[in-house]
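1. Below: sequence and its predicted model.
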Amino acid sequence: MDKNRKQNEKTASETYITNEERKQLLSALHCRLFWVGQHIPDYVEFEGETYPLHNYVWELIQKDELNPAEKSRIDKCIEIISAKEKNDEKELEERPLTSEEARKLYHETAGLLRAITDLKEIESGAFKEKTRHFQEQFVNQRIKDAKLWLEFVKNVSK
């Protein structure tokens, strides 16, 4: 009996995704907030080469300004990642995949798309601008909250 259960579990895990599941995954990659909760892969492997993607993006985020050579390197990196992402998406679209394989491929592809988006924003300066804007909003909200608390304490102590 236990052997049959294990065999059924194995069969279920080896079952390929349906066309409907495939369409849902592909559609999710192209929705507006696909990147929410997605992690940039630590490394990306493409055409036999391994690139340290996560650390590279993090190092760029930390820089105040980019020189022309760094911008050129970002363009090359975006080109490499885009090619890898297109390959992954084609696999997700065409290759028979188990649920687990499809899930892993989806998250890898979404992480690559997030890296491409982040790199484009870093290169254009939009990333720094969004960060600055967020920090301003955060500080202003903290000031507003502190004033509300002071007002509350003042009213309570009357």
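-> Great, that's in hand.
2. Without its sequence neighbours, what residue ends up closest to residue 106?
-> Distance criterion CB to CB, 6 or more residues apart in numbering; nearest residue to residue 106, sequence neighbours excluded, is residue 25 at 4.9 Å. C-beta here means a position set from N, CA and C on the backbone, and glycine is covered the same way.
3. And for that neighbour, the neighbour number?
-> 20 (other CB atoms under 10 Å).
4. Of all the residues in stretch 22-41, which ones are buried?
-> 22, 25, 29, 34-35, 38, 40-41 (16 or more other CB atoms under 10 Å).
5. between those residues, which is nearest residue 52?
-> Taking CB to CB as the measure, residue 52 sits nearest to residue 41 out of the buried residues of stretch 22-41, at 9.7 Å.
6. so what's that closest one closest to, chain neighbours aside?
-> residue 111 (4.8 Å).
7. I'd guessed that neighbour sits against residue 42; true?
-> No. Judged on CB atoms under 8 Å, residue 111 makes no contact with residue 42 at a distance of 9.6 Å.
8. more crowded one of the two?
-> residue 111 (22 against 11).
9. Other residues contacting stretch 37-53?
-> Under the contact criterion CB atoms under 8 Å, 6 or more residues apart in numbering, stretch 37-53 has outside partners 54-55, 57, 77, 80-81, 83-84, 107-108, 110-115, 118.
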